[in-house]
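Asks: how would this look folded up:
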Amino acid sequence: MLIREAHKEDAEGKGLVHYQSWIETYTGLMDPAFLSRRSLERCVDMAREHPENTIVAETDGQIVGFACYSETRDTDMSDTGEIQALYVLKKYQKQGIGAALLKRCEQILKRHSKIMLYVLAENKNAIGFYEHNGFRLDGVTKDPEVMPGITLHEMRMVKERARDKQEE
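Replies: Residues are numbered from 1 along each chain as shown. The predicted structure is shown next:
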């Protein structure tokens, strides 16, 4: 497995992971009408439009996961980095790829004392994964309306980091 910065040439692989992992992860957790609006072509286009701040996981030359990171978008957080997305194809889960992507994001965002992310409240697997990796729910939620009459319930998770560990 190789974790590396994404390039524009990775758009098809990243787009496929984005599309397929959404279907694998969110079927039964999200409204089917919302899920049906997602297309492989749109996911590839998004990957092509936004290759920045993205790392990919490669196995045998195939992209099997990715993560996106940034400065936090939440105005109530200071000195905080954000993981905006982290997806691994179901076939490659439980092999340490998600943890490796998470660790690399933390290294990239090492100047921050905290890392935060949002997780779908119904996604118990993701919540367990992030808790296992040191994140805790902090009580902040958001409920964006993604389509008329369809909202998502997202919960914020935060990992506090000791200053001396940030330099590792």
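Asks: rest of the way, CA atoms for contacts and neighbours
Replies: OK.
Asks: Ala85 should be in a strand, yeah?
Replies: Yes - with DSSP: H, G, I helix; E, B strand; the rest coil as the criterion, Ala85 is part of a strand.
Asks: what's the neighbour count on it?
Replies: Ala85 has 15 neighbours, counted by other C-alpha atoms under 10 Å.
Asks: distance of it relative to Tyr69?
Replies: 7 Å (C-alpha to C-alpha, to the nearest Å).
Asks: got it, and Asn53?
Replies: In terms of C-alpha to C-alpha, Asn53 sits 6 Å off from Tyr69.
Asks: out of the two, which sits in the more crowded spot?
Replies: Neighbour totals were compared for Asn53 and Tyr69, and Tyr69 leads with 23 against 15 (other C-alpha under 10 Å).
Asks: my guess is Thr59 contacts Arg4. True?
Replies: No - Thr59 is beyond contact range of Arg4, at 11.5 Å (criterion: C-alpha atoms under 8 Å).
Asks: where do the strands sit along the protein?
Replies: Assigned strands in the chain, in chain order: 2-5, 54-59, 62-71, 80-88, 114-120, 136-142, 145-147, 150-151, 154-160 (criterion: DSSP state E).
Asks: now these as a markdown table including mean pLDDT and distance to Lys14?
Replies: Below are the strands of the chain laid out as a markdown table (pLDDT from 0 to 100; distance: least, C-alpha to C-alpha, whole Å):
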| stretch | mean pLDDT | distance to Lys14 |
| --- | --- | --- |
| strand 2-5 | 96 | 12 |
| strand 54-59 | 97 | 7 |
| strand 62-71 | 97 | 6 |
| strand 80-88 | 97 | 10 |
| strand 114-120 | 97 | 20 |
| strand 136-142 | 96 | 26 |
| strand 145-147 | 88 | 22 |
| strand 150-151 | 90 | 26 |
| strand 154-160 | 97 | 23 |
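Asks: among these, which is nearest Pro32?
Replies: Closest to Pro32 of those, according to C-alpha to C-alpha: strand 150-151, at 10.2 Å.
Asks: ok, residues contacting the closest one?
Replies: 31, 34, 143-145 (C-alpha atoms under 8 Å, 6 or more residues apart in numbering).
Asks: and which of those is nearest Val44?
Replies: Using C-alpha to C-alpha, those come closest to Val44 at Phe34, 18.0 Å.
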